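can't give you the sequence, but here's the structure:
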């Protein structure tokens, strides 16, 4: 396809999906930078949760764009499942950071609950990645 054809295919639903995907990636970069800077575990947990939510929102917007046949269906359809897996992964990260924060505060039962939820999220990532492989 020529660039002119591609631009004509970008409908509002498709642009919304691409914008949501870019926001999710920007938040992911923010999380990675915060981790490199040694930010507090509780704050990393909150940020990872925001990253997970943004990936989930992007996946939903991609689903809407694909259904609206707004162009780029192939790209968005493939990216949608990836964004859903990433959302699960970052939810697991949020739980791991929350567990670290709970450990530092001496709240062992809460720490264990967070780790169990993190494992649950990672199992879903594993299952999804094996079903698409």
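Noted; the coordinates are in hand. From a predicted model like this one, the values you see are computed outputs, not experimental measurements.

give me the mean pLDDT for stretch 113-132.
Averaged across stretch 113-132, the pLDDT comes to 88.

now swap in stretch 38-45 and tell me
Confidence over stretch 38-45, taken as the mean pLDDT, stands at 96.

ok, and what's touching that stretch?
Outside of stretch 38-45, the residues within contact range by C-beta atoms under 8 Å, 6 or more residues apart in numbering are 31, 34-35, 47, 93-95, 97-98, 100-101, 104. In short, each C-beta sits where N, CA and C put it, glycine included.

now, the residues you listed that are in strands?
Counting by DSSP state E, none of the members of the contacts of stretch 38-45 fall within strands.

now a ChimeraX select for only the buried ones of the residues you listed.
Only the buried members of those end up in this ChimeraX selection, burial being decided by 16 or more other C-beta atoms under 10 Å:
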select :31,34,47,93,94,95,97,98,100,101
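
quick one: which of the contacts of stretch 38-45 is nearest to residue 58?
Each of the contacts of stretch 38-45 was checked against residue 58 using C-beta to C-beta; the closest is residue 31, at 15.0 Å.

that closest one reaches residue 46, doesn't it?
No: the pair residue 31 and residue 46 does not pass the contact test of C-beta atoms under 8 Å, sitting 10.0 Å apart.

many thanks, I have nothing further to ask.
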